[in-house]
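>>> predicted model and sequence follow; I will ask about them next.
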Amino acid sequence: MHPELKRELKIWGPVALLVLAAFVVALQFIKPAPPKLVRIASGSPQGAYYHFAQAYARELAREGITLEVIPTAGSVENIRLLRQGEVDAALVQGGIEDPGEGQALYSLGSLYYEPLWLFLRRDLAIERLGELAGRRVSVGAEGSGTRALVLRLLRENGLATDAPELQALGGAEAAEALLAGHLDAAFFVASPQAKLIQRLLADPRLRLFDFRRGEAYARRHHFLTTLLLPRGVVDLARDVPAQDLRLLAPAANLVVNEDAHPAINQLLLQAAKRVHREGDWFADPGQFPQPALLAYPLADEARRYYENGPPFLQRFLPFWAASLIDRLKVMLLPLIFMLLPLFKVMPPIYNWRMASRIYRWYDDLALLEQRLDRGEAEPSELLEALEAIDREVRRIEVPLSYGDRLYDLREHIAFVRERLQAAAAA
């Protein structure tokens, strides 16, 4: 190995090894890359959950992420799929009783109010839920959030939830049975914009139940909110409804399990913000999503989002670039900590390295003169050694700021040459 290279390795080798070791340690802490495919449990293809999940999928597709929308029976099934890790996210109705077995679940926020609509035949004089006893009532399909909520409320009103009159129908099936006269009443949990709700509100054969004790329900269950359906909001010309009505409403939640990637959680929350920002009959624009009316503890990423907004890098960079930098920042930290002290010692080391290229030859010149003075070698032999030194010196490359020192060395070589030539002539 060339002596010059060997000297360079002695100086920079330990530094390089130290930096490499820091990188190896940092590698252990790098976060995995966000997945390209994410699965979300929604609901019936005719329902709002499925509609909104499809809207999220379009938003995530802009960032190169495929969101696969899984149709389900409703919130109960969604929770089961989340707990078992079969999906990464789900839309879940607030207030669903959860056995809590499996993966931990976290909410990214509530998305919108989901009013509980109870439609009755207009001729039924029913003012309290307890008066539904013995009536043919649809309480929601098996596995749906509607059924879970309605059965809880009926139990609190003293009704037997296993009564044969309570039918497990939901959605369009329940609406058709009600309109056909096969039911006396039907419960639905849906957004006011749902076509099914709009149709039932406009039908003169039906009336909407007024939850006069709504505040009592809301006090007993913090996941419920009382909402006011103003007179005429459905149809001003026909004055539908003909009076202000009170509704009960849980809130739809965007829920993830503990294995969900933090960057995907942020992306889902930003998508939800864009999808739900317009508001509806019961929510002002920009009111949702929000960190209230939660079905599960708020995820850390969601808390940071509500407090500080989107991650700093995602405000200026595409998602993939911001995610990459966020993952690699753990690699940059050891490099920065290594470079800071190096920046302080680099100038003196550089000066020393440049000077050493020149000054190390003075030892050889001094040795030649000593051998001449002691008569240890013939002048002609020493001249050959000096010329070899001169050839090496002429190949030295240094910055211009060190040129004067290099020329001083060459003058000193010339001085020693004169001595040796004089000794050889004598």
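The structure has been received and is ready for your questions.
>>> can you give the domain ranges for this protein?
3-28+328-357, 34-111+254-310, 115-249, 360-425 (automatic domain parsing).
>>> quick one, helices of this protein?
Assigned by DSSP state H, the chain shows helices spanning 3-27, 48-61, 75-83, 145-156, 171-179, 195-202, 214-220, 262-276, 300-308, 319-359, 361-374, 379-394, 403-425.
>>> could you give the angle of the last one to helix 379-394?
Direction vectors for helix 403-425 and helix 379-394, defined by axes from the mean of the first three to the mean of the last three C-alpha atoms, to 10 degrees, enclose an angle of 170 degrees.
>>> thinking again about what came up before, turn the helices of the chain into JSON lines, columns for distance to residue 40.
For the C-beta atoms, the positions are set from N, CA and C on the backbone; glycine is no exception. Listed next are these as JSON lines, based on distance: least, C-beta to C-beta, whole Å:
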{"stretch": "helix 3-27", "distance to residue 40": "32"}
{"stretch": "helix 48-61", "distance to residue 40": "5"}
{"stretch": "helix 75-83", "distance to residue 40": "9"}
{"stretch": "helix 145-156", "distance to residue 40": "16"}
{"stretch": "helix 171-179", "distance to residue 40": "20"}
{"stretch": "helix 195-202", "distance to residue 40": "22"}
{"stretch": "helix 214-220", "distance to residue 40": "29"}
{"stretch": "helix 262-276", "distance to residue 40": "8"}
{"stretch": "helix 300-308", "distance to residue 40": "16"}
{"stretch": "helix 319-359", "distance to residue 40": "17"}
{"stretch": "helix 361-374", "distance to residue 40": "73"}
{"stretch": "helix 379-394", "distance to residue 40": "72"}
{"stretch": "helix 403-425", "distance to residue 40": "69"}
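>>> out of those helices, which is closest to residue 127?
helix 214-220 (12.8 Å; C-beta to C-beta).
>>> on that earlier part again, relative to residue 123, which of the helices of the chain is closest?
Nearest of these (C-beta to C-beta): helix 171-179, 13.3 Å.
>>> need the contact partners of that closest one.
44, 46-47, 119, 121, 138, 140-141, 167, 169, 183, 185-188, 196, 199-200, 203, 205-206 (C-beta atoms under 8 Å, 6 or more residues apart in numbering).
>>> so which helix or strand of the chain has the lowest pLDDT on average?
In the chain, the helix or strand scored least confidently by mean pLDDT, DSSP states H and E is helix 3-27, which has a mean of 58.
>>> what is the burial count for residue 175?
Residue 175 has 23 neighbours, counted by other C-beta atoms under 10 Å.
>>> tell me the most buried of the domains of the chain?
Using mean count of other C-beta atoms under 10 Å, the stretch among these with the largest mean neighbour count is domain 34-111+254-310, at a mean of 19.
>>> please name the nearest non-neighbouring residue to residue 53.
Computed as C-beta to C-beta, 6 or more residues apart in numbering, the closest residue to residue 53 that is not its neighbour in sequence is residue 42, at 3.9 Å.
>>> which residues touch that neighbour?
The neighbourhood of residue 42, defined by C-beta under 8 Å, 6+ apart, consists of 49-50, 52-54, 69-72, 78, 90-91.
>>> one more time with 6 Å, if that's ok
Going by C-beta atoms under 6 Å, 6 or more residues apart in numbering, residue 42 touches 49-50, 53, 69, 91.
>>> could you list the low-pLDDT ranges of this protein?
1-33, 310-335, 337-345, 426 (pLDDT under 70).
>>> if you set the cut-off to 50 instead, what comes out?
Applying pLDDT under 50 to the chain flags the ranges 1, 5.
>>> quick one: closest of the helices of the chain to residue 293.
With respect to residue 293, and counting by C-beta to C-beta, the nearest of the helices of the chain is helix 214-220 at 10.6 Å.
>>> now do the closest one: which elements does it pack against?
Counting contacts by 3 or more C-beta pairs under 6 Å, 6 or more residues apart in numbering; DSSP states H and E, helix 214-220 packs against strand 225-229, strand 245-249.
>>> ok, which of the ones you listed comes nearest residue 63?
Ranking these by proximity to residue 63 (C-beta to C-beta) places strand 245-249 first, at 31.7 Å.
>>> helices and strands around the closest one, which ones?
Contacts defined by 3+ C-beta pairs under 6 Å, 6+ apart place strand 245-249 against helix 214-220, strand 225-229.
>>> 7 Å - rerun?
strand 116-121, helix 214-220, strand 225-229 (3 or more C-beta pairs under 7 Å, 6 or more residues apart in numbering; DSSP states H and E).
>>> quick one: contacts for the closest residue in space to residue 68 that isn't next to it in sequence?
In space, residue 68 comes closest to residue 39 once its chain neighbours are excluded; the distance is 4.8 Å by C-beta to C-beta, 6+ apart. When the contact criterion is C-beta atoms under 7 Å, 6 or more residues apart in numbering, the partners of residue 39 are 68, 70, 87-88.
>>> can you name the two of these that are farthest apart?
Farthest pair in the contacts of residue 39 (C-beta to C-beta) is 70 and 88. Separation: 10.2 Å.
>>> so what sits against both of those two?
By C-beta under 7 Å, 6+ apart, residue 70 and residue 88 have these common neighbours: 39-40.
>>> give me the contacts around stretch 409-425.
For stretch 409-425, contacts defined as C-beta under 7 Å, 6+ apart pick out 358, 361, 365, 368-369, 372, 379-380, 382-383, 386, 389-390, 393.
>>> that older thread, so which of the helices of the chain is nearest residue 115?
For residue 115, the closest of the helices of the chain is helix 195-202, at 8.3 Å, according to C-beta to C-beta.
>>> taking strand 225-229 as reference, get the angle to that closest one.
Using the same axes, to 10 degrees: helix 195-202 against strand 225-229 is 60 degrees.
>>> which residues touch helix 195-202?
Helix 195-202 is contacted by residues 117, 119, 171-172, 175, 188, 190, 206, 208, 234-235, 240 when judged by C-beta under 7 Å, 6+ apart.
>>> ok, of the residues you listed, which one's closest to residue 58?
residue 190 (21.7 Å).
>>> which ones are touching the closest one?
Counting by C-beta under 7 Å, 6+ apart, residue 190 has contacts 48, 114, 117, 196-197.
>>> so which of the residues you listed comes closest to residue 253?
Distance ranking of the contacts of residue 190 against residue 253, using C-beta to C-beta, places residue 114 first at 9.8 Å.
>>> that older thread, who wins for proximity to residue 101 among the helices and strands packed on strand 245-249?
Of all the helices and strands packed on strand 245-249, it is helix 214-220 that lies closest to residue 101, at 25.9 Å by C-beta to C-beta.
>>> run the chain-centre distance for that closest one.
How far helix 214-220 lies from its chain's middle: 36 Å, per C-alpha atoms, centre = their mean, to the nearest Å.
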